[in-house]
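Asker: Need coordinates for the below:
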Amino acid sequence: MNSMDTFDPDTPCHVHDGLNDQIIEWSPQWASMYREHVSNWDEGVIAWDGLLLDGWAPIIHTSCGH
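Answerer: Just a heads-up that it's a prediction; the model follows:
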């Protein structure tokens, strides 16, 4: 996972919520709300909408070979 320091809320990706230990597919539609309500929780951890985001990864599309 990449650091939240490099997170771009305008880009579709996966984010990791450390509070609930789950991966969430990020929607760029949330970008404006993210910018309005985001706060630093701890080093490398962002608090947003009841989540503690501690990393992100690009969405990797794989082909099924058909």
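
Asker: ranges for the helices of the chain?
Answerer: Taking DSSP state H as the test, the helices found in the chain are 31-37.

Asker: In space, not sequence, find me the middle residue of it.
Answerer: Val15 (3.0 Å; Cα atoms, centre = their mean).

Asker: That one pairs with what?
Answerer: Legend: beta-bridge partners of Val15 under DSSP bridges are Ile24, Trp56.

Asker: elements contacting the worst-scoring helix or strand of the chain on mean pLDDT?
Answerer: Every helix and strand in the chain was compared by mean pLDDT, DSSP states H and E; the lowest is strand 39-42, with a mean of 94. If contacts are counted by 3 or more Cβ pairs under 8 Å, 6 or more residues apart in numbering; DSSP states H and E, strand 39-42 sits against strand 45-48. Heads up, the C-betas are built off the backbone N, CA and C, glycines and all.

Asker: Just checking: what are the partner strands of the strand it packs on?
Answerer: With DSSP bridges as the test, strand 45-48 is paired with strand 39-42 (antiparallel), strand 51-58 (antiparallel).

Asker: Tell me which of the ones you listed sits most buried.
Answerer: Across these, averaging neighbours per residue (mean count of other Cβ atoms under 10 Å) puts strand 51-58 on top, at a mean of 18.

Asker: Name all residues that make contact with Cys13.
Answerer: Phe7, Glu25, Trp26, Trp56, Ala57, Pro58, Ile59 (Cβ atoms under 8 Å, 6 or more residues apart in numbering).

Asker: cool, and His37?
Answerer: Trp48, Asp49.

Asker: Where does pLDDT dip in the protein?
Answerer: Applying pLDDT under 70 to the chain flags residues 63-66.
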